[in-house]
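> Give me a 3D structure for the following:
(chains A and B)
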Amino acid sequence: MYRFLDKAAIISEGDANTNPWKLCTVTQVEEVKILLRLVPIWASGIIFSVLHSQIYTLFVQQGRCMKRTIGLFEIPPATLGMFDTASVLISVPIYDRVIVPLVRRFTGLAKGFTELQRMGIGLFVSVLSLTFAAIVETVRLQLARDLDLVESGDIVPLNIFWQIPQYFLMGTAGVFFFVGRIEFFYEQSPDSMRSLCSAWALLTTTLGNYLSSLIITLVAYLSGKDCWIPSDNINNGHLDYFFWLLVSLGSVNIPVFVFFSVKYTHMKV
Amino acid sequence: MVALTLSASVPGLKPAECIGSLCPPATMVQSTVLFSGLYLIALGTGGIKPCVSSFGADQFDKTDPSERVRKASFFNWFYFTINIGAFVSSTVLVWIQENYGWELGFLIPTVFMGLATMSFFFGTPLYRFQKPRGSPITSVCQVLVAAYRKSNLKVPEDSTDGYKKIFFPLISCLN
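Modelled structure (predicted):
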């Protein structure tokens, strides 16, 4: 498949001069092949980051319309993101000190899971997080209808702590996927391209955020009059449908990722 | 960060106070300082983010099995520390900005960033360095251009390994 690139290293007549734009080393050619093999794995990060970016956007929107007071204290919606970082702070020690030694016993691998297995688990956990978000939203909207809060857009008396599972799961998904990805791109990239590949992996976060905006715009356009994501009053919308849409997107991403991971592993052997 | 701190604290660089409901708009200089601060942060983050994890991992010896395991652990704790920072900024710093204003809110991370840069440079004699090997992007482009130029050539029929054995010594000589 990549034989086309081999031609860059063939010496033909008139190659006596060492013009690097005409004749490349085999190492160079092999490095480019490695990069091309990484592309499908890389692309799976875009979908993950679409799901992950909901933490900073629609999870906050959802939290805004839930009961946020504890006694006299009111949690500002902007600090809801701290559930995500808090869950990372809890799950990294658990992962490093409990899960890895435990899994090591079964797999015999020093670091527990391979990087690709770890990323795959992250994808799965992120879908689980969106599933919780969708269920909470369904309950919240039902409550809004029952209490006649659809038109006013008032806060629905459902405690914000119901959002903890979705934040916590997404934080954990990040520990699996993001750290697995840093490690994967560091280990697999050619020696001279480590930083480049890491930078390239970070680009998926950006692309995922853009794709997320694009999906939201498309959904807003297609859902037309009965808008799923109204900007002023989400009690009148269907954020739950949108979350289910992301659940299906993430679910489609998993088998695609597994297919390319298996293919990647075989190619290396 | 310095530009952001200045634009939040120096009177000439921050838009004048509102008088009732009337707020004077920011001048050209004021917005330039603010936005150049923001864009510099983006540029700095782009430079530091991919390099700091790779450079950190480069400090471990690949050939030593125990260091290899610790390297895998390093990535976990690297992500952990980033999130400590995010946690502190979304709790403590938000609280400071709400109660003591943006001046202090920007000044604190600026001072810490300065301290971090200094401590990073002071560590220089302790680091292991990989030899820089020129721009990888140039190398990738060279392969693509060379392959395109020779697209009419035929790859030798024998297996890829065979031809590598023949050509690799030749090519190494040329370099």
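
> what's the helix or strand for the nearest residue to A:Gln163 once chain neighbours are set aside?
Among residues not flanking A:Gln163 along the chain, A:Gly63 sits closest, at 5.6 Å (Cβ to Cβ, 6 or more residues apart in numbering or on different chains). Quick note: C-beta positions are derived from backbone N, CA and C, even for glycine. Taking DSSP states H and E as the criterion, the element that holds A:Gly63 is helix A:58-64.

> elements contacting that helix?
helix A:115-146, helix A:164-188, helix A:239-268 (3 or more Cβ pairs under 8 Å, 6 or more residues apart in numbering or on different chains; DSSP states H and E).

> Low-confidence ranges, the stretch 1-150 of chain A, go.
Within the stretch 1-150 of chain A, the ranges that satisfy pLDDT under 70 run A:1-4, A:12-18, A:77-78.

> Could you pull up the mean pLDDT of the longest strand along chain A?
Secondary structure assigned by DSSP state E gives strand A:156-159 as the longest strand of chain A. Strand A:156-159 comes out with an average pLDDT of 82.

> Would you agree A:Ala133 is in contact with A:Gln54?
Yes: A:Ala133 is within contact range of A:Gln54, at 7.2 Å (criterion: Cβ atoms under 8 Å).

> out of the helices and strands packed on helix A:58-64, deepest packed?
helix A:164-188 (a mean of 23; mean count of other Cβ atoms under 10 Å in any protein chain shown).

> Following the chain onward from that helix, which element is next?
From helix A:164-188, the next helix or strand downstream (DSSP H and E) is helix A:194-223.

> now the angle from that next one to helix A:239-268?
150 degrees (axes from the mean of the first three to the mean of the last three Cα atoms, to 10 degrees).

> What helices and strands are in contact with helix A:194-223?
helix A:26-52, helix A:164-188, helix A:239-268, helix B:28-58.

> Bridge partners for the spatially closest residue to A:Leu143 that is not a sequence neighbour, pull those for me.
Counting by Cβ to Cβ, 6+ apart, A:Val156 is the residue found nearest to A:Leu143 once chain neighbours are left out, at 5.2 Å. Listed beta-bridge partners, A:Val156: A:Met66 (assigned using DSSP bridges).

> distance of A:Val156 from chain B?
Note on A:Val156: its distance to chain B, by Cβ to the nearest Cβ, to the nearest Å, is 24 Å.

> hang on, that residue packs against A:Gln62?
No: A:Val156 lies out of contact with A:Gln62 (Cβ under 8 Å); the separation is 9.9 Å.

> Could you tell me which residues touch both of those two?
Listed as contacting both A:Val156 and A:Gln62 by Cβ atoms under 8 Å, 6 or more residues apart in numbering or on different chains are A:Arg140.

> out of these two, which sits in the more crowded spot?
A:Gln62 (26 against 22; other Cβ atoms under 10 Å in any protein chain shown).

> Looks like that one contacts A:Ile160 (just checking).
No: applying Cβ under 8 Å, one finds A:Gln62 not in contact with A:Ile160, separated by 9.2 Å.

> wait, A:Phe260 sits on A:Val39?
No: the criterion here is Cβ under 8 Å, and A:Phe260 misses it with A:Val39 at 9.0 Å.

> which regions of chain B lie under the pLDDT threshold?
Using pLDDT under 70, chain B drops low at B:12, B:16-22, B:154-175.

> Quick one: closest of the helices and strands packed on helix A:58-64 to A:Ala9.
Of all the helices and strands packed on helix A:58-64, helix A:239-268 sits nearest to A:Ala9, with 19.4 Å by Cβ to Cβ.

> so what secondary structure elements neighbour that closest one?
Counting by 3+ Cβ pairs under 8 Å, 6+ apart, helix A:239-268 packs on helix A:26-52, helix A:58-64, helix A:115-146, helix A:194-223.

> Which secondary structure elements does the third one sit against?
Put plainly, it is helix A:115-146. Using 3+ Cβ pairs under 8 Å, 6+ apart: helix A:115-146 touches helix A:26-52, helix A:58-64, strand A:156-159, helix A:164-188, helix A:239-268.

> So which residue is dead centre in the chain?
Using chain A. A:Phe48 (2.2 Å; Cα atoms, centre = their mean).

> Sorry, I should have been clearer: chain B.
Central residue of chain B (Cα atoms, centre = their mean): B:Ile48, at 1.9 Å.

> mind checking how far it is from chain A?
Relative to chain A, B:Ile48 is positioned 10 Å away (Cβ to the nearest Cβ).

> And chain B, what are its domain boundaries?
B:2-126, B:136-174 (automatic domain parsing).

> Now do the first one: distance from first to last residue.
For domain B:2-126, the first and last residues are 29 Å from each other (Cα to Cα, to the nearest Å).

> Please verify my assumption that A:Pro40 contacts A:Val258.
No: if you go by Cβ under 8 Å, A:Pro40 and A:Val258 don't touch, sitting 11.2 Å apart.

> do the helix or strand containing B:Asn83 and chain A meet at all?
Here B:Asn83, judged by DSSP H and E, is contained in helix B:65-88. Yes: Helix B:65-88 comes into contact with chain A (Cβ under 8 Å from any Cβ of the partner chain), by way of B:65, B:68-69, B:72-73, B:75-80, B:83-84, B:86-87.

> Filter these down to the buried ones, PyMOL style.
The following PyMOL line selects those of the residues of helix B:65-88 next to chain A that are buried, judged by 16 or more other Cβ atoms under 10 Å in any protein chain shown:
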select buried, chain B and resi 69+72+75+76+78+79+80+83+86+87
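
> Can you tell me how far B:Leu153 is from A:Asp6?
Computed as Cβ to Cβ, to the nearest Å, the B:Leu153 to A:Asp6 distance reads 10 Å.

> swap in A:Lys67?
Separation of A:Lys67 from A:Asp6 (Cβ to Cβ) stands at 64 Å.

> ok, now A:Thr79?
55 Å.

> Show me which of the two is the more surrounded one.
A:Asp6 (22 against 14).

> Grab the nearest non-local neighbour of A:Arg68.
Using Cβ to Cβ, 6+ apart, the closest residue to A:Arg68 is A:Ile75 (4.6 Å).

> The one you found against A:Ile160, yeah?
Yes: counting by Cβ under 8 Å, A:Ile160 is a contact partner of A:Ile75 at 6.6 Å.

> Looking at the two, which is more packed in?
A:Ile160 (21 against 16).

> roughly how far apart are the more buried one and A:Asp240?
With Cβ to Cβ as the criterion, A:Ile160 and A:Asp240 are 17 Å apart.
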